[in-house]
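In: Take a look and give me a structure for this.
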Amino acid sequence: MQLKPITEQVVAVVGASSGIGRETALQFAHRGAKVVVSARSAPGLKSLVDEIQQQGGEAVAVVADVTDFEQVKAIADKAVQVYGRLDTWVHCPATGVFATFDNTTPEEFKRIIDISLMGQVYGAMAALPHLKREGRGALIHISSMEGRRSLPLQSAYSSAKHGVEGFLESLRVELQHEGIPISVTSVKPSVINTPFYNNGRTKLGVKPTGIPPYYEPNLVADAILYVAEHPTRDFIVGDVGKMLDVVQRISPGLVDQILVLIGFNFQKTNEPKSEDAPDNLYEPILSHDKVEGDFGNLTIPSFTDWLDKNPPVKWGAVAAAALGVAAVVKEFFPGNNI
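Out: Numbering: from 1, shown residues only. Presented below is the predicted three-dimensional model:
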C-alpha cells in the first residue's frame, strides 16, 4: 500500500481548533498539504486558517459538531468541493468527565460516548466513500492509551477509546478483505499537554491532571504526519505509553494495583475547581483555542517514537540486543544450545 506524499495530499483535520488537532493542521499546511479544518469553535478555526495562510499555506474551515453525522459529512464534502478530493482524514475530538463511575450521570456518560466514540465513527463513515473513490488514502484516528488500559475517574472516556479500537479493528480487516488500499491507523498518545484537562468536566473538587509525565502535542502531530505517508496499524506516542502497553499485556492485575496506589491522587491538582465551572461538553471554551495546556513544566522527551518512525534502525537494534543477550547466556551457561 502506497500513500501520497504530504505535499500532494488533501487532508481533513477534525477537532482542529486546539490541542493535537491544531498542531497537526499547522504541520500539514507547513509541509504543503491542502487542509480542511473543522471544530465547533468558529473563532478558533478563523485564527487557525489565518495563521496557516500567513505562513503561505492553503486551508478552509468548516464549523461542525461531531455528534451530528450530517455536519461531519459536510467536512468531507467541503474537501471535495474546494480541492477536488480527499486523501487523508484525521479525527481528534474528545472530551471527558473526571469523576467516579457512580458519580457520573447517564447523560454525561452518553455525551462522552457521542463525542469521543460516535464522532469517530461518523468521521470514518463520512470519509470512507471519498477515499474509496480515490482508490487509496488514510484514516487516522486519535485514540489513547486508555484504549488499551482504562483509568479510574475516567470510565466514560476509557469506554469511548476502547470502542474506537473495536470499530477500527473491524473496519481495517473489512478493507483488507475487499482489497482496498486504505490505511487505518490508531494513534495512541500517552498523557499530552493540551487543553483537554482544562476543558473536561470535573467532580473531583479540583482541576484534573493526567498522570505525569506529559509529552508535548507536537510529538503526536509528528506521528500523525508520519502515518499519513507510511501505512501503520498502531502508533503509541510516548515512551511511558509503550511501557504501560507491555506491562498491561503481561499482567493487567499488576497495573490494577499500581493504579490503586497512584491513579487517584495523581489525577488531581491542588487548584480548586467546581463541577459548575465551564467545560466543553456542550459548548467550546474559546479561551482554550490553543495548542498547549498548563502542564509544560511536566513534559519530557520521548526516544522510542524516533525508532518507530525508522523501522530498519528499530529492528536492527532489537536484533543486536537479542544477539547480545544470547552471547551473555552462552558465556555464562555454556551447556545451553542457543
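
In: Low-confidence ranges, the stretch 201-338 of the chain, go.
Out: Low-confidence segments of the stretch 201-338 of the chain, defined by pLDDT under 70: 313-338.

In: Longest helix in this protein, by number of residues?
Out: Of all segments of type helix in the chain, defined using DSSP state H, the longest is helix 155-178.

In: Enumerate every residue touching the most centrally placed residue in the chain.
Out: Central residue of the chain (Cα atoms, centre = their mean): Ile142, 2.5 Å from the mean position. With contact set as Cβ atoms under 8 Å, 6 or more residues apart in numbering, Ile142 has these partners: Gly15, Ile20, Gly21, Val90, His91, Cys92, Ala94, Val187, Pro189, Val220, Ile224. Glycine gets a C-beta too; all of them are placed from N, C-alpha and C.

In: how about a cut-off of 6 Å?
Out: Neighbouring residues of Ile142 by Cβ atoms under 6 Å, 6 or more residues apart in numbering: Cys92, Val187.

In: Okay, buried residues for the longest helix of the chain please.
Out: 155-165, 167-168, 171-172, 175 (16 or more other Cβ atoms under 10 Å).

In: What of stretch 14-31?
Out: Neighbour-count burial for stretch 14-31 [16+ other Cβ under 10 Å]: 14-29, 31.

In: same check, this time on stretch 55-69
Out: Result for stretch 55-69 [16+ other Cβ under 10 Å]: buried residues Gly57, Glu58, Ala59, Val60, Ala61, Val62, Val63, Ala64, Asp65, Val66, Thr67.

In: Show me which residues of stretch 275-286 are buried.
Out: Going by neighbour count (16+ other Cβ under 10 Å), the buried part of stretch 275-286 is Asp279, Asn280, Leu281, Pro284, Ile285.

In: Among the buried residues of stretch 14-31, which lie within strands?
Out: Members of the buried residues of stretch 14-31 lying in strands (criterion: DSSP state E): Val14.

In: From the buried residues of stretch 14-31, which land in helices?
Out: Reading helices off the buried residues of stretch 14-31 with DSSP H, I get Gly19, Ile20, Gly21, Arg22, Glu23, Thr24, Ala25, Leu26, Gln27, Phe28, Ala29.

In: Nearest to Glu229 among these?
Out: For these, the residue nearest Glu229 by Cβ to Cβ is Phe28; the value is 11.1 Å.

In: Only the buried residues of the host helix or strand of Arg249, if you could.
Out: For Arg249, the element it lies in under DSSP states H and E is helix 239-250. Of the residues in helix 239-250, Asp239, Val240, Gly241, Lys242, Leu244, Asp245, Gln248 count as buried by neighbour count, 16+ other Cβ under 10 Å.

In: wait, doesn't the fourth one sit right on Asp234?
Out: Okay, so that is Lys242. No. With contact defined as Cβ atoms under 6 Å, Lys242 does not reach Asp234; the gap is 10.7 Å.

In: Check what pLDDT Glu51 gets.
Out: Per-residue pLDDT puts Glu51 at 98.

In: and what of Thr104?
Out: In this prediction Thr104 is given a pLDDT of 98.

In: out of everything not next to it in sequence, what's closest to it?
Out: Spatial nearest neighbour of Thr104, chain neighbours left out: Val97 (5.6 Å); criterion: Cβ to Cβ, 6 or more residues apart in numbering.

In: Likewise for Ile113?
Out: Ala160 (5.4 Å).

In: Would you check how far apart that neighbour and Pro278 are?
Out: 21 Å (Cβ to Cβ, to the nearest Å).

In: does Leu281 count as helix, strand or coil?
Out: What DSSP: H, G, I helix; E, B strand; the rest coil gives for Leu281 is coil.

In: Pretty sure Ile113 is one of the things it touches, is it not?
Out: No. Here Leu281 does not reach Ile113: they are 11.8 Å apart, not a contact under Cβ under 6 Å.

In: Go through the buried residues of stretch 55-69 and say which is closest to Phe196.
Out: Val66 (15.3 Å).

In: any idea how far that closest one lies from Glu283?
Out: Distance, Val66 to Glu283, by Cβ to Cβ: 14 Å.

In: Which residues are in contact with each of these two?
Out: By Cβ under 6 Å, 6+ apart, no residue touches both Val66 and Glu283.

In: Pro212 and Gly296 touch, don't they?
Out: No. Applying Cβ under 6 Å, one finds Pro212 not in contact with Gly296, separated by 11.9 Å.

In: can you pull out the helices in the stretch 101-250 of the chain?
Out: In the stretch 101-250 of the chain, the helices defined using DSSP state H, counting those that start in this stretch lie at 106-113, 119-134, 155-178, 196-199, 217-229, 239-250.

In: Tell me which of these sits nearest to Ile52.
Out: Here helix 217-229 is closest among those (Cβ to Cβ), at 13.8 Å.
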